[in-house]
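Trainee: the sequence isn't on hand, but the structure is:
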């Protein structure tokens, strides 16, 4: 069996390895006798999925036909993707309290992307999924949002911008392993704000490639070592918990309150 490590999981692993392991390796953890909780999707992730769908349509159209396609088609795909993401239930938050708000935020984020980001890109690949072997029994997988000739772009949305260097370094390593250049890493961040406020313009943030790749390697090596130790010992402590994490709660962690984790506040 080959264990797949997804690039998108790497940034949060340092915040709490046990929480992220519960998401990445549910089958193995439950097979070792530790039942985990199922959590609804956060509304932020659902709005992000909708925005990604609209952006992907726009750049795919540009790559094939030379233009961004119609506003209606981009928005239709965005709302369809949002609906699909909400199908299994959702955790609403203070910025997005209901479906109507989620739809409006998704649409205006797509519009912001099409006006301020997409016109300046020259895509050669959109939503490209790649994989590469790591150590024996492990592989790295990832799907880059937008590839230009020497640059990788990733679209992020949310109330708060986070550091995602390990993810982008993983993408760069994947691209290089397939014979492509990856000399620039850019995050296009679209803030999710109350619909009572104007939609802010997207922000372009560059990441140093060498730093991101080194961080990616360190994180990937740690994940592989922790997984191997857990499979050999069955000890949850193979995955270091972080009870001080802002996401250490029953709302965000499938391990919280289970036999797999007793490190959090209030555990008995």
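Mentor: Perfect, thanks for sending it. Only a predicted model underlies this, so the values are computations on that prediction, with no experimental measurement involved. Residues are numbered from 1 along each chain as shown.
Trainee: shouldn't residue 37 be in contact with residue 259?
Mentor: No - between residue 37 and residue 259 there is no contact, the gap being 11.3 Å when judged by C-beta atoms under 8 Å. The C-beta positions use only the backbone N, C-alpha and C, and glycine is treated the same way.
Trainee: could I get the full set of helices for this protein?
Mentor: 17-24, 26-31, 43-65, 71-86, 99-116, 165-177, 209-233 (DSSP state H).
Trainee: so what's the residue nearest to the spatial centre of the chain closest to, chain neighbours aside?
Mentor: The centre of the chain sits closest to residue 8, judged by C-alpha atoms, centre = their mean, with a distance of 4.3 Å. Nearest-residue entry for residue 8: residue 167, 5.7 Å, with adjacent residues in sequence omitted and distances by C-beta to C-beta, 6 or more residues apart in numbering.
Trainee: same deal with residue 86?
Mentor: residue 46 (5.2 Å).
Trainee: can you check residue 25 too?
Mentor: residue 227 (6.5 Å).
Trainee: residue 175 now?
Mentor: Per C-beta to C-beta, 6+ apart, closest to residue 175 is residue 182, 4.3 Å.
Trainee: now do residue 84
Mentor: That would be residue 49: by C-beta to C-beta, 6+ apart, it lies 7.5 Å from residue 84.
Trainee: then residue 28?
Mentor: Nearest residue to residue 28, sequence neighbours excluded (C-beta to C-beta, 6+ apart): residue 231, at 6.7 Å.
Trainee: swap in residue 19?
Mentor: Residue 19 sits nearest to residue 253 (C-beta to C-beta, 6+ apart), 4.5 Å away.
Trainee: hang on, isn't residue 80 packed against residue 53?
Mentor: Yes - between residue 80 and residue 53 there is a contact under C-beta under 8 Å: 7.1 Å.
Trainee: these two: which has the busier surroundings?
Mentor: Neighbour tally, residue 80 and residue 53, criterion other C-beta atoms under 10 Å: the higher count belongs to residue 53, 24 against 13.
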